[in-house]
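In: predicted model follows, preceded by the sequence.
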Amino acid sequence: MQLGIAAGMLSRRTLPLSAAGMAILFGIGVRDYGIFHLADYPIFLGVAAYFALIGLNKDLFGIRPIDVMRYAAAITLMWASIEKWAYPEWSFPLLIEHASMTLGFDNEFYMRAAGMVEFTLAFALIWTPLIRRCAAAVLTGMFISACFEFGKIDTIGHSAIIAVLIAILADNKVLPRDHRAAWLAPVALCAALSLTLFVYYFGHAALFKTSVL
């Protein structure tokens, strides 16, 4: 038993090193591919922060480690949903090959609708406990079902996201700050959507010297 406790303590102490390694790899990705392209993956910084905070037995200015990871997951998926509007043509070959995914809808309409659904579910991850757990359950089902459709590469690529979503789903702790008035939900959603659209399109224009629209 003492050996098991010692092993657990050693494992906990190595978590900050794992976090540092993930942060370094993310930095290398930013160097090689640019900050805009790596904006698709802040969830990995969230996981790194989670490992570091758990290993050091700390929180981030009063924010629990799992909440830091949850916010990173929400930002990642909100940002990725914008790509469905900005670059729908990236997905058209997949929709042609897997036509059943569109449920009979036109490809362009499907991408617009899918982007809104994904953004709303991602935003729900930062809302109240019941809402975020429901959103995590739906998103987990979507990512797992995609694994059957697209195979092992998709499974490997999305495994970290699935693990984070399952952790969010399992977190049933309710904090005082989690209580919010219901009318704030649509206001906050519109604000988050406007801000994400602004940062995405104006950020792209500034970095790549392109027009906003």
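Out: Structure's in. What do you need?

In: ok, Glu118 touching Leu77?
Out: Yes. Here Glu118 reaches Leu77: they are 6.2 Å apart, a contact under Cβ atoms under 8 Å. Where C-beta positions appear, they are placed from N, C-alpha and C, glycine not excepted.

In: out of those two, which sits in the busier spot?
Out: Leu77 (23 against 19; other Cβ atoms under 10 Å).

In: need the three-state assignment for the more buried one.
Out: Classification of Leu77 using DSSP: H, G, I helix; E, B strand; the rest coil returns helix.

In: so how far is Pro42 from the residue positioned nearest the centre of the chain?
Out: Nearest to the geometric centre of the chain sits Ala73, at 2.7 Å (Cα atoms, centre = their mean). Note on Ala73: its distance to Pro42, by Cβ to Cβ, to the nearest Å, is 9 Å.

In: repeat that for Ala52.
Out: 15 Å.

In: who's more crowded, the two?
Out: Ala52 (21 against 18).

In: shouldn't Ile75 be in contact with Pro42?
Out: Yes. Look at Ile75 against Pro42 with Cβ under 8 Å: they come within range, at 5.3 Å.

In: pretty sure the residue nearest to the centre of the chain sits against Ile168.
Out: Yes. Counting by Cβ under 8 Å, Ala73 touches Ile168, with 7.0 Å between them.

In: joint contacts of these two?
Out: Both Ala73 and Ile168 are in contact with Leu125, where contact means Cβ atoms under 8 Å, 6 or more residues apart in numbering.

In: can you list the residue ranges for helices in this protein?
Out: In the chain, the helices defined using DSSP state H lie at 2-33, 35-38, 42-56, 65-86, 92-97, 107-124, 129-150, 152-170, 184-208.

In: relative to helix 65-86, how tilted is the third one?
Out: It refers to helix 42-56. 180 degrees (axes from the mean of the first three to the mean of the last three Cα atoms, to 10 degrees).

In: now helix 42-56: average pLDDT?
Out: Mean pLDDT, computed over helix 42-56, is 95.

In: CA atoms of that helix as CSV?
Out: Provided in CSV are the C-alpha atoms of helix 42-56 (Å, rounded to 0.1, in the frame of the first residue of the first chain):
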residue,chain,number,x,y,z
PRO,A,42,-5.9,25.9,-27.2
ILE,A,43,-7.5,22.8,-25.6
PHE,A,44,-4.0,21.3,-25.4
LEU,A,45,-2.9,24.3,-23.4
GLY,A,46,-5.9,23.7,-21.2
VAL,A,47,-4.9,20.1,-20.6
ALA,A,48,-1.3,21.2,-19.9
ALA,A,49,-2.6,23.8,-17.3
TYR,A,50,-4.8,21.1,-15.8
PHE,A,51,-1.8,18.7,-15.4
ALA,A,52,0.4,21.5,-13.9
LEU,A,53,-2.3,22.7,-11.4
ILE,A,54,-3.2,19.2,-10.3
GLY,A,55,0.5,18.3,-9.9
LEU,A,56,1.2,21.4,-7.9
